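>>> Sequence first, predicted coordinates after that:
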Amino acid sequence: MSTVGFPGPRGSHSDAAAAVLAPAAAGVDLPSFTAVVEAVSNAEVAVGVLPIESSLIGPIAETHDLLYGSALSIVREATLPITHALVGLPGASLERASIIRSHPAAFDQCRDLLAGRSVQRIAAATTADAAREVRDAGDPAHVAIASREAADAYGLEVIADDVGDRSAFTRFVALAPYTQVAHGESWRTALSFVTDHRPGALYRALGALARGEVNLVQLVSRPLPNSPWRYRFDVVLDGHVFDPTIRPALSELRSLTRELRLFGSYAAEKSR
């Protein structure tokens, strides 16, 4: 049976995304984002699933950086609604909590809940890990922001449901050690490029896409490893790399940049 790796124990949001992106595969929970990339790169799992963008906090930097540093490609995407709950042992409450655990992204998505409260925040690898750590601590003064599924998995109670600041969605991607060539309508291409460090370099690079009438879905700036104050640009475009409008635009973009890396082409998610 095919396998799909995801970060965190059962009950994490990535676990739910893995069931959507690879429904026929057996799920393999892994300890970190890095472990997912390593497992796919070493053929220990067929594909890996990571969150790449939040509707509330924007790009997930760790996923972008891991993708840049690996030989993997995006092969599928899915967007899931994210509902956070405050969970804890029986008798726990936010008012009596001294420690709250969660993934840093969840803290960012629940600022109203935490505003003005003198409670220690401890980051966890995933929201499900946070729930497990609360169970293992055995202290009702420890609570977590996690999913209801994580609360069920670790025998915790839901103290308050839907504690996010507003409706939130996270886009997840499936990563594989190959790039898809066959394609149809409504595809996307992800790539990264580095420009010269001179005035107008980014403007000229994006001009190649504008002249080709290529729709830019996302543009993310990330620091270059081992190059202080230098940046790369991760982008997502509408279209497949072999489309007649995309190929010449990317060819021109390559001539205007110091480095161009493809992160794969994949079918754009349909409304579910």
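Thanks, I have it.

>>> all strands in the stretch 51-200 of the chain, in order from the N-terminus.
In the stretch 51-200 of the chain, the strands defined using DSSP state E, counting those that start in this stretch lie at 58-59, 73-82, 85-88, 99-102, 120-123, 142-146, 157-160, 168-176, 187-194.

>>> How about the contacts made by the residue of the chain most remote from its centre?
When distances to the mean C-alpha position of the chain are computed (CA atoms, centre = their mean), the maximum falls on Gly91, with 33.5 Å. Contact partners of Gly91, counting by CB atoms under 8 Å, 6 or more residues apart in numbering, are Pro140. To be clear about C-beta, it is placed using only N, CA and C from the backbone, and glycine gets the same treatment.

>>> Domain ranges for this structure, per the record?
3-81+168-176, 85-160, 187-267 (automatic domain parsing).

>>> Of all the strands of the stretch 51-200 of the chain, which one is nearest Cys110?
Cys110 lies closest to strand 142-146 among the strands of the stretch 51-200 of the chain, at 5.6 Å (CB to CB).

>>> Pairing partners for the closest one, with directions?
strand 85-88 (antiparallel), strand 99-102 (parallel) (DSSP bridges).

>>> Deepest in the core, which of those strands is it.
strand 85-88 (a mean of 27; mean count of other CB atoms under 10 Å).

>>> Just the residues contacting that one, thanks.
Residues outside strand 85-88 that contact it (CB under 8 Å, 6+ apart) are 94, 97, 113, 131, 134, 140, 142-148, 150-151, 156-163.

>>> Flag the helix or strand of this structure with the lowest per-element mean pLDDT.
The weakest-scoring helix or strand in the chain, judged by mean pLDDT, DSSP states H and E, is helix 104-109 (a mean of 89).

>>> Next, the buried residues of that one.
When burial is assessed from 16 or more other CB atoms under 10 Å, helix 104-109 yields the following buried residues: 105-109.

>>> Show me what that helix packs onto, helices and strands only.
Using 3 or more CB pairs under 8 Å, 6 or more residues apart in numbering; DSSP states H and E as the contact test, the elements touching helix 104-109 are strand 47-54, strand 120-123, strand 142-146.

>>> What is the second one packed up against?
Contact here means 3+ CB pairs under 8 Å, 6+ apart; on that basis strand 120-123 packs against strand 99-102, helix 104-109.

>>> would TSV of these with distance to Leu250 be doable?
Converted to TSV, the helices and strands packed on strand 120-123 look like this (distance: least, CB to CB, whole Å):
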stretch	distance to Leu250
strand 99-102	40
helix 104-109	31
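
>>> Nearest to Ile60 among the ones you listed would be which one?
helix 104-109 (6.9 Å).

>>> Contacts made by that closest one with the rest, please.
51, 54, 56-57, 60, 82, 84, 114, 121, 123, 127, 130, 145-146, 164-165, 168.

>>> now do 7 Å
54, 56-57, 60, 84, 114, 121, 123, 127, 145, 164-165, 168 (CB atoms under 7 Å, 6 or more residues apart in numbering).

>>> coming back round to it: could you dump the strands paired with strand 142-146 into JSON lines and include mean pLDDT?
Converted to JSON lines, those look like this (pLDDT from 0 to 100):
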{"stretch": "strand 85-88", "mean pLDDT": "97"}
{"stretch": "strand 99-102", "mean pLDDT": "97"}
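
>>> could you dump these to CSV with distance to Tyr203?
Shown next, in CSV, are those (distance: least, CB to CB, whole Å):
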stretch, distance to Tyr203
strand 85-88, 45
strand 99-102, 40
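
>>> Filter the contacts of strand 85-88 down to the buried ones.
Buried subset of the contacts of strand 85-88 (neighbour count, 16+ other CB under 10 Å): 94, 97, 113, 131, 134, 140, 142-148, 150-151, 156, 158-159, 163.

>>> picking that back up, out of the helices and strands packed on strand 120-123, which comes closest to Val47?
Ranking those by distance to Val47, with CB to CB as the measure, places helix 104-109 first at 21.9 Å.

>>> CA atoms of the closest one as CSV?
Provided in CSV are the C-alpha atoms of helix 104-109 (Å, rounded to 0.1, in the frame of the first residue of the first chain):
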residue,chain,number,x,y,z
PRO,A,104,3.3,29.1,16.6
ALA,A,105,0.9,29.5,13.7
ALA,A,106,-2.1,28.7,16.0
PHE,A,107,-1.0,31.3,18.5
ASP,A,108,-1.0,33.9,15.6
GLN,A,109,-4.5,32.8,14.7
